[in-house]
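# What would the 3D arrangement of this be:
(one chain, ligands or ions: 1)
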Amino acid sequence: MKTEKYQAGDSVPMLCSACESETTHTLNTVTKLGKITSASCDTCQTASTFKAGVKVGVTAGKGKAPDVYDRRRKYKKGQAMMHPHFGHGEVTAVLEPQKIDVLFGDTTRRLLHALE
Ligand SMILES: [Zn+2]
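Numbering: from 1, shown residues only. Here you go, the predicted structure:
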């Protein structure tokens, strides 16, 4: 993420977990220092919240629902999923070949993936 100052209402290209590609996001709120605190995908309305430039929350928009979590599938950072218990989530980190951190709402949970 760039260090330039942003303003609410700016359009910024960034990775959308639901679209699984870089899309234009409209900034909802920024800090006094011009750091993004929340933004919504223009394509699917999925909203992401940030703290110190790190994504800390994600709220599913009205766009296409992501695929249901499958532990045999291999996930990558930024990918979205629909978990049967936790709901809409986004992969925030791939820790080990078979462990990922996934953000559900504002809670990060550790899940397995890429299992045989
Ligand atoms: Zn999107």
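# can we go C-alpha only for contacts and neighbour counts from here?
Fine.
# Ends of stretch 100-116, what's the gap?
16 Å (C-alpha to C-alpha, to the nearest Å).
# again with stretch 98-109
End-to-end distance (C-alpha to C-alpha), stretch 98-109: 14 Å.
# outside of that stretch, which residues touch it?
56-59, 75, 86-95, 110-115 (C-alpha atoms under 8 Å, 6 or more residues apart in numbering).
# mind listing which of these are in strands?
56-59, 87-95, 110-112 (DSSP state E).
# ok, which pair from those residues is furthest apart?
Largest separation among the ones in strands among the contacts of stretch 98-109 by C-alpha to C-alpha: 59 and 95, giving 22.9 Å.
# So which of those two has more stuff around it?
residue 59 (19 against 12; other C-alpha atoms under 10 Å).
# for the ion, what are the nearby residues on this protein?
The chain comes close to the ion at residues 16, 18-19, 41, 43-44, as judged by C-alpha under 5 Å from the ion.
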